[in-house]
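In: got a sequence here, can you build the structure:
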Amino acid sequence: MNFLEEKEQYQERFQLATDRIRQIREECNSSSKESFNDPAITEKTAPAIATRGEAFMQYSYCVSSFLLKICSFYQKKMNGELSDLSLQEWQSLNRDLYEDVLDTNYEKSFANPAYACERLGQDYGQVLSAVYTELRGNIVYAFEDRLFFLTTSFELFIEIYNLLEQEDTGAKEIRSALYYYFFDYADITVADSLHDSFDPSRNFATDIICHCDLEDLRYLYYFGEYISENELETAKYLNTLSDKQIHDMAFTFTDGYRRGFALYDIDLSVKKTVNIRYHLGFERLIREVIAQFQELGLQPCIYRAAVSISRRNLRGKVGYYGASPNKQYEYDHRMDDALFYDKAYADRRLQEQELALKSIEDLCMDFAGPALIETFGETPFNPVEKKEALQYSAKQQKRKVEYQAANGALVNRFIPGDQTSFSIIAYPLPEIGKQYQDIFADTISVNTLDQEKYLTIQSKIIDALDRADYVTVTGRKKNKTDLTIALTPLSDPAKETRFENCLADVNIPLGEVFTSPKLSGTNGTLHVTKVFLNDLEYHDLSLVFEDGVVKDYSCSNFNSKEKNKKYIHDNILFHHDMLPMGEFAIGTNTTAYAMGKKYNISHLLPILIAEKTGPHFAIGDTCFSHEEDLVTYNPDGKQMIAKENDYSVLRHTDVTKAYFNCHTDITIPYDELGDICIHCADGEVICLIQNGRFVLPGTESLNEML
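Out: Now for the predicted structure:
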């Protein structure tokens with residue numbers, strides 16, 4: 001249904017739900033210790049929930065108050081009462097909506113599973129904290145005028161409150177209510193998510209970007225996301241740049257996207273839409289990006305990163321997003337669907353996903369692929385592991401992996417990976433420090449290096465690597481890396497290559513040559529002393545490979561060996577019992593490396609840039625996931641043939657076992673790198689890098705920045 005039909009259908013239900021929640025708050029207004037113990041509150045006047053104790057009344061009062069705050073905001077928005085708010089008033093409103101989960105308040109918030117379990121008990125605390133977190137998603141639904149989500153979530157709270165009023169109701173019944181809330185509405189929520197992704201008429205964000213006065217920073221608050229100094233200062237800084245600077249930044253990005261289609265010989269002219277994913281604050285750049293994509297015949301689909309339990313992604317935020325009000329809060333709730341995730345629910349979502357994809361088959365065919373602007377510079381986050389936070393059981397982890405494999409195969413049926421492309425680029429956030437503007441300027445330089453120079457140098461590296469039987473990589477100083485990487489044999493070296501020459505097309509900045517390694521014979525230890533992956537920091541990360549597969553792993557983030565293993569298993573292996581090495585690459589962008597050292601920000605560089613600052617290894621799928629059959633060539637005319645491994649080849653027999661739906665790059669920086677040696681079948685050893693410096697003839701100029 002469209003939004004107008006949605007409003008007409010749910011308006012009365014929403015009003016009834018609001019009235020009941022207002023009653024609930026009044027009933028629970030006696031939840032403080034003083035009033036709870038007041039003898040004036042008799043058995044006849046006390047609400048039924050009072051029999052459960054003060055904490056449950058306080059929880060109900062807190063949540064009902066929050067929902068009424070949402071309702072009040074929604075009514076003001078619909079009545080046009082917000083249009084005259086000053087910037088300061090918008091800032092106050094934004095803080096008020098997110099206040100309960102900010103660092104200063106989170107320790108005593110029912111959104112904190114530790115506090116909720118302390119007050120309500122473990123069983124009730126976990127589920128009720130998750131319920132409150134789900135209900136907090138109503139902030140963005142109110143901004144978007146999504147009355148279905150507002151109404152049904154309000155009704156969910158009323159149902160749970162009614163259950164709590166019954167003395168014989170346990171946490172199991174509340175879990176069941178949550179389960180059926182997600183199960184029963186899956187047909188609507190799954191279809192809604194897909195329309196957000198592929199339907200350009202879902203233009204909430206696009207309208208703000210294209211039609212607001214971007215010099216009036218109030219516009220940032222119209223999205224409904226939490227807004228910090230990062231977003232405000234980014235928008236202010238972009239407003240100081242000239243139109244030409246903005247145009248050139250956008251062109252680097254959109255032309256890289258176009259070049260990706262040309263590189264893979266995919267017809268861009270038949271495509272009509274593009275996803276644009278970014279961090280708020282970059283709207284002036286995004287407006288120009290939209291205009292340039294429209295010149296290529298592409299309309300934008302700009303959707304919000306998921307807020308609901310049912311759609312959150314362990315791999316990070318996908319869509320547009322603002323600041324995190326509290327990263328510990330998000331980390332604590334990243335597995336909340338463990339409350340209800342089972343085979344029936346997974347099957348239901350897959351069934352609805354297939355039906356929804358069929359219903360928008362034309363939109364799927366129009367889709368060209370995503371265009372991502374990443375950011376970096378935030379203070380690295382080291383989470384606290386809480387025993388009260390929900391965790392997947394071993395059975396749920398297995399089902400999650402199976403679901404992701406089946407869903408990946410399903411999506412590829414309707415949106416074949418070999419018919420789309422992408423583009424990705426990164427810029428710093430003001431949080432990176434006082435030299436933010438200088439770092440931003442240097443990042444632009446890194447993103448626009450001379451492609452012809454790197455084409456020549458990288459061709460020499462590939463020519464040497466194509467002589468290899470295997471390659472060895474070692475660390476130095478405190479780095480304990482000692483790896484042997486086996487390579488796919490070449491049938492015709494004059495016409496074939498196994499390393500792609502990566503310039504500034506889809507993956508910006510330029511500066512790497514990469515391959516899918518042969519798994520059999522790939523052995524040893526990959527180690528980095530410090531690395532930042534998927535917004536999480538790792539210390540002394542070590543992965544041990546046997547025949548190309550991760551067999552053991554460790555880090556030193558926590559005092560407990562078990563906690564360290566679990567941290568890696570959850571956030572790098574993504575609950576897989578093992579993952580193969582999907583990529584071996586050698587980064588050549590010493591300019592990016594020098595930038596990291598110049599400003600002491602190497603540990604803050606995103607993997608998009610960091611992977612170009614040394615050799616890197618990806619665990620998970622290959623770089624050619626779902627594109628193995630695309631015939632591609634390097635600029636010298638040689639065909640890239642190393643696209644498969646022992647797992648991806650299973651797509652011909654059982655596609656659910658072919659892909660892992662993850663790809664995490666881990667880089668050894670030049671200052672931790674020892675040697676990279678090419679071992680030829682005839683026994684010759686060719687040194688590509690020694691003690692972290694390029695020594696292969698024709699590559700020495702890369703050392704100038706080192």
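In: would you mark the buried spots in the lengthiest strand in the chain?
Out: Counting residues, the longest strand in the chain under DSSP state E turns out to be strand 518-533. If you call a residue buried by 16 or more other CB atoms under 10 Å, then strand 518-533 has these buried ones: 518-519, 522-524, 526-529, 531-533. Where C-beta positions appear, they are placed from N, C-alpha and C, glycine not excepted.
In: check stretch 109-124 too.
Out: In terms of neighbour count (16+ other CB under 10 Å), stretch 109-124 has its buried residues at 109-117, 119-120, 124.
In: just the CA trace of it, in CSV.
Out: C-alpha atoms of stretch 109-124 as CSV (Å, rounded to 0.1, in the frame of the first residue of the first chain):
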residue,chain,number,x,y,z
SER,A,109,18.1,2.8,31.3
PHE,A,110,15.8,-0.1,30.7
ALA,A,111,17.4,-0.2,27.2
ASN,A,112,20.5,-1.4,29.0
PRO,A,113,20.1,-5.2,29.3
ALA,A,114,22.4,-5.2,32.4
TYR,A,115,20.2,-2.7,34.2
ALA,A,116,17.0,-4.3,33.0
CYS,A,117,18.1,-7.7,34.3
GLU,A,118,19.2,-6.2,37.6
ARG,A,119,15.8,-4.6,38.1
LEU,A,120,13.5,-7.1,36.5
GLY,A,121,15.4,-10.4,36.7
GLN,A,122,17.3,-12.1,33.9
ASP,A,123,14.4,-13.7,32.0
TYR,A,124,12.1,-10.6,32.0
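In: and the contacts of that stretch?
Out: With contacts defined as CB atoms under 8 Å, 6 or more residues apart in numbering, stretch 109-124 is touched by 55-56, 58-59, 62-63, 100-101, 106-108, 125-126, 128-130, 132-133, 136, 170-171, 174, 329, 332-333, 386, 388-390.
In: how distant is it from the center of its chain?
Out: The chain centroid and the centroid of stretch 109-124 are separated by 27 Å under CA atoms, centre = their mean, to the nearest Å.
In: quick check: mean pLDDT of that stretch?
Out: Taken as a whole, stretch 109-124 carries a mean pLDDT of 97.
In: go on, stretch 240-251?
Out: Confidence for stretch 240-251, expressed as mean pLDDT, is 98.
In: ditto for stretch 643-658
Out: In the prediction, stretch 643-658 has an average pLDDT of 92.
In: what's in contact with it?
Out: Against stretch 643-658 from outside (CB under 8 Å, 6+ apart): 402, 405-406, 409, 488, 516-520, 548, 580, 582, 621-622, 624-625, 627-628, 659-660.
In: narrow those to those in strands?
Out: Counting by DSSP E, the contacts of stretch 643-658 contribute 518-520, 582 to strands.
In: picking up where we left off before, from the buried residues of stretch 109-124, which is closest to L241?
Out: A111 (38.3 Å; CB to CB).
In: may I have the beta-bridge partners of H679?
Out: The partner list for H679 in beta bridges (DSSP bridges) reads Y470, V685.
In: how about it, what does it touch?
Out: With CB under 8 Å, 6+ apart, H679 has these contacts: 468-472, 685.
In: you'd agree T613 is up against G587?
Out: Yes: the pair T613 / G587 is scored as a contact, 5.3 Å apart, by CB atoms under 8 Å.
In: ok, then the element right after the helix or strand bottoming out on mean pLDDT in the chain?
Out: Confidence across the helices and strands of the chain bottoms out at helix 33-36, with a mean of 42, counting by mean pLDDT, DSSP states H and E. Next in sequence after helix 33-36, counting helices and strands by DSSP states H and E, comes helix 54-78.
In: packing partners for that following helix?
Out: helix 3-27, helix 33-36, helix 87-98, helix 113-120, helix 122-135, helix 138-143, helix 147-165 (3 or more CB pairs under 8 Å, 6 or more residues apart in numbering; DSSP states H and E).
In: can you give me the helices for the stretch 151-300 of the chain?
Out: Along the stretch 151-300 of the chain, counting by DSSP state H, counting those that start in this stretch, helices occupy 171-184, 186-198, 204-211, 229-238, 243-263, 283-295.
In: of the ones you listed, which is nearest S310?
Out: Taking CB to CB, helix 171-184 is the member of the helices of the stretch 151-300 of the chain nearest to S310, at 5.1 Å.
In: from the chain's centroid, how far away is the closest one?
Out: Helix 171-184 sits 27 Å away from the centroid of its parent chain (CA atoms, centre = their mean).
In: again with stretch 578-590
Out: 20 Å.
In: where does this protein have low pLDDT?
Out: 1-4, 30-45 (pLDDT under 70).
In: can I see the domain layout of it?
Out: What automatic domain parsing lists as the domains of the chain is 3-184, 197-424, 450-526+543-550+580-705.
In: so can I have a markdown table of the ones you listed showing distance to F574?
Out: Formatted as a markdown table, these follow (distance: least, CB to CB, whole Å):
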| stretch | distance to F574 |
| --- | --- |
| domain 3-184 | 21 |
| domain 197-424 | 6 |
| domain 450-526+543-550+580-705 | 5 |
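In: of all these, which lies closest to K566?
Out: That would be domain 197-424 among the domains of the chain, by CB to CB, at 7.6 Å.
In: how far does that closest one sit from the chain's center?
Out: Put simply, domain 197-424 sits 8 Å off its chain's centre (CA atoms, centre = their mean).
In: do the same with stretch 623-634
Out: Centroid separation for stretch 623-634 versus its chain: 24 Å, with CA atoms, centre = their mean.
In: please export the C-alpha coordinates of it as PDB.
Out: Output in PDB follows, covering the C-alpha atoms of stretch 623-634 (Å, rounded to 0.1, in the frame of the first residue of the first chain):
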ATOM      1  CA  CYS A 623      36.000 -10.800  -4.700                       C
ATOM      2  CA  PHE A 624      34.100 -12.400  -7.600                       C
ATOM      3  CA  SER A 625      31.200 -13.800  -5.500                       C
ATOM      4  CA  HIS A 626      28.300 -14.400  -7.900                       C
ATOM      5  CA  GLU A 627      30.400 -13.100 -10.800                       C
ATOM      6  CA  GLU A 628      32.600 -16.100 -11.500                       C
ATOM      7  CA  ASP A 629      31.400 -16.500 -15.000                       C
ATOM      8  CA  LEU A 630      31.900 -13.000 -16.100                       C
ATOM      9  CA  VAL A 631      34.800 -12.800 -18.500                       C
ATOM     10  CA  THR A 632      37.200 -10.000 -17.500                       C
ATOM     11  CA  TYR A 633      40.500  -8.700 -18.700                       C
ATOM     12  CA  ASN A 634      43.300  -6.600 -17.400                       C
END
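In: could I get the buried residue list for that stretch?
Out: Buried residues in stretch 623-634 (16+ other CB under 10 Å): 623-628, 630, 633-634.
In: circling back: and the next helix or strand past the longest strand of the chain?
Out: Next along the chain after strand 518-533, with elements defined by DSSP H and E, is strand 536-546.
In: contacts only, for the closest residue in space to A468 that isn't next to it in sequence.
Out: The spatially closest residue to A468, leaving aside those adjacent along the chain, is I678, at 4.4 Å (CB to CB, 6 or more residues apart in numbering). Contacts for I678 (CB under 8 Å, 6+ apart) come out as 464-465, 467-468, 471, 685-688.
In: want to throw these into a markdown table with neighbour count and distance to N275?
Out: Below are the contacts of I678 laid out as a markdown table (neighbours: other CB atoms under 10 Å; distance: CB to CB, whole Å):
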| residue | neighbour count | distance to N275 |
| --- | --- | --- |
| A464 | 20 | 38 |
| L465 | 22 | 34 |
| R467 | 15 | 41 |
| A468 | 23 | 38 |
| V471 | 24 | 36 |
| V685 | 10 | 46 |
| I686 | 17 | 42 |
| C687 | 13 | 43 |
| L688 | 21 | 37 |
